[in-house]
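1. sequence and predicted model, in that order:
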Amino acid sequence: MSKVAIVTGAARGIGAGVAAGLASQGYAVALVGLEGDLLRQNAKAIGAKAIAFEADMTDRVAVGSAFEGVREKFGRIDVVVSNAGISNFDLLSTMSPEHFRRVMAVNVEGTFNAIQSSLPHLTETKGYFLGVASIAAASAPPGMAAYGASKGATENLLNTLRAEVVHKGVDVGVAYFGWLATDLVKAGSEHPAFAYMREHLPGPLKTIAPVDIAVSAIVDGVLKRKRRVMAPGWLRAALALRWFVAGNPSAYKAHMPEIERLCAEELEKRGGAEKTYISDPARR
């Protein structure tokens with residue numbers, strides 16, 4: 001019997017690639033998230049061992065129903081890749097509270113819902129749960145407070161989960177990536193302050209890498225049940241230096257006035273903080 005993997009946020013980008021990659025390794029896959037038409041197209045392209053379930057990851061009833069549907073369809077759940085995520089770009093002084101809550105809800109509560117919906121099944125199969133964090137959890141770049149906070153919380157949530165289920169034979173991994181050529185980053189580049197901030201990050205932190213490196217890293221991480229998954233390779237050094245990087249504002253001091261100016265212009269242009277999203281819940 002084939003092992004079964006659930007991939008959330010599988011309509012586009014990383015999630016769509018991981019679903020196809022795991023299918024190529026013999027897994028039956030369930031694609032869960034928003035944008036039902038794209039999910040179904042991706043599942044159809046994969047073949048008979050793929051199924052799509054449309055669900056907002058912040059809706060625990062819908063998530064639970066989707067996961068139960070996977071169990072009914074395939075008879076088991078062995079792997080969950082919790083990939084669905086969103087971001088916005090704004091300074092803490094002007095960020096919309098609604099946008100802050102939405103980023104936290106999708107990225108943190110969505111992971112929590114995936115954990116609680118899958119844990120009974122993963123306990124049965126002694127399975128593996130992999131959640132996607134980010135280098136933003138460690139680097140704390142300006143303008144990305146909500147995203148960075150949500151990914152730091154996701155990281156801690158998964159590290160705690162690992163401690164709580166180790167005696168049950170369930171393994172837990174955390175994935176870290178830098179900037180990738182996803183819709184999330186492409187949309188972010190439309191915000192002048194985001195583009196300016198990224199271009200002035202130190203060293204390799206500014207580099208945008210192809211999505212394929214993340215897809216390959218996650219598939220390899222699932223196959224090997226890794227505790228840490230990361231790409232590109234330089235992230236190992238960045239994460240090792242996380243306390244220095246996140247706690248040192250000197251790299252941003254000269255650029256913050258320009259970032260503030262661009263953010264103010266964008267707020268006026270878009271008609272307020274409520275219009276500053278750079279991604280929607282469907283994107284990854």
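-> Right, received. Where do you want to start? Numbering: from 1, shown residues only.

2. let me see the contact set for residue 75.
-> 1, 4 (C-beta atoms under 8 Å, 6 or more residues apart in numbering). In this view, the C-beta of every residue, glycine as well, is placed from N, C-alpha and C.

3. and it, how far is that from residue 28?
-> Taking C-beta to C-beta, to the nearest Å as the measure, residue 75 falls 9 Å from residue 28.

4. overlap in contacts, these two.
-> With contacts defined as C-beta under 8 Å, 6+ apart, the residues adjacent to both residue 75 and residue 28 are residue 4.

5. quick one: secondary structure of residue 26?
-> Secondary structure of residue 26, reduced to three states by DSSP: H, G, I helix; E, B strand; the rest coil: coil.

6. that one - how many residues pack around it?
-> Neighbourhood size, residue 26 [other C-beta atoms under 10 Å]: 9.

7. from what I see, it and residue 3 are in contact.
-> Yes - here residue 26 lies in contact with residue 3, judged by C-beta atoms under 8 Å, at a distance of 7.3 Å.

8. which residues touch the nearest residue to residue 215 once chain neighbours are set aside?
-> Once flanking residues are discounted, residue 215 sits nearest to residue 17: 3.6 Å by C-beta to C-beta, 6 or more residues apart in numbering. Residue 17 makes contact with 211, 212, 214, 215, according to C-beta under 8 Å, 6+ apart.

9. for the stretch 101-250 of the chain, just list every one of the helices.
-> Counting by DSSP state H, counting those that start in this stretch, one finds helices in the stretch 101-250 of the chain at the ranges 110-125, 136-139, 145-165, 183-188, 192-199, 211-224, 235-240, 242-247, 250-253.

10. quick one: which of those helices is nearest residue 37?
-> In terms of C-beta to C-beta, the element of those nearest to residue 37 is helix 183-188, at 15.5 Å.

11. using CSV, please lay out the helices of the stretch 101-250 of the chain together with distance to residue 260.
-> Conversion of these to CSV gives the following (distance: least, C-beta to C-beta, whole Å):
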stretch, distance to residue 260
helix 110-125, 31
helix 136-139, 19
helix 145-165, 14
helix 183-188, 17
helix 192-199, 8
helix 211-224, 31
helix 235-240, 26
helix 242-247, 20
helix 250-253, 11
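
12. need the CA coordinates for stretch 194-202. PDB is fine.
-> What follows is the C-alpha trace of stretch 194-202 in PDB, where atoms were taken according to Å, rounded to 0.1, in the frame of the first residue of the first chain:
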ATOM      1  CA  PHE A 194       9.800  45.800   0.000                       C
ATOM      2  CA  ALA A 195      11.900  45.800  -3.200                       C
ATOM      3  CA  TYR A 196      14.200  48.400  -1.700                       C
ATOM      4  CA  MET A 197      14.500  46.500   1.600                       C
ATOM      5  CA  ARG A 198      15.300  43.200  -0.100                       C
ATOM      6  CA  GLU A 199      17.900  44.800  -2.400                       C
ATOM      7  CA  HIS A 200      19.800  46.300   0.500                       C
ATOM      8  CA  LEU A 201      19.900  43.200   2.700                       C
ATOM      9  CA  PRO A 202      23.500  42.100   3.500                       C
END
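
13. what stretches of the chain score poorly on pLDDT?
-> Residues of the chain that meet the criterion pLDDT under 70 lie in 184, 186-189, 245-247, 273-284.

14. redo that, cut-off 90
-> Applying pLDDT under 90 to the chain flags residues 1, 87-89, 135-142, 178-210, 232-255, 266-284.

15. quick check: which element contains the residue nearest to residue 215?
-> Under the assignment given by DSSP states H and E, the secondary-structure element containing residue 17 is helix 13-24.

16. CA atoms only: put that helix into PDB for me.
-> Listed next in PDB are the C-alpha coordinates belonging to helix 13-24 (Å, rounded to 0.1, in the frame of the first residue of the first chain):
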ATOM      1  CA  GLY A  13       4.600  27.300  -6.100                       C
ATOM      2  CA  ILE A  14       6.200  25.200  -3.400                       C
ATOM      3  CA  GLY A  15       3.100  23.200  -2.500                       C
ATOM      4  CA  ALA A  16       2.200  22.300  -6.000                       C
ATOM      5  CA  GLY A  17       5.800  21.200  -6.700                       C
ATOM      6  CA  VAL A  18       6.100  19.100  -3.500                       C
ATOM      7  CA  ALA A  19       2.800  17.300  -4.300                       C
ATOM      8  CA  ALA A  20       4.100  16.300  -7.700                       C
ATOM      9  CA  GLY A  21       7.500  15.400  -6.200                       C
ATOM     10  CA  LEU A  22       6.100  13.100  -3.600                       C
ATOM     11  CA  ALA A  23       3.900  11.500  -6.100                       C
ATOM     12  CA  SER A  24       6.900  10.800  -8.200                       C
END
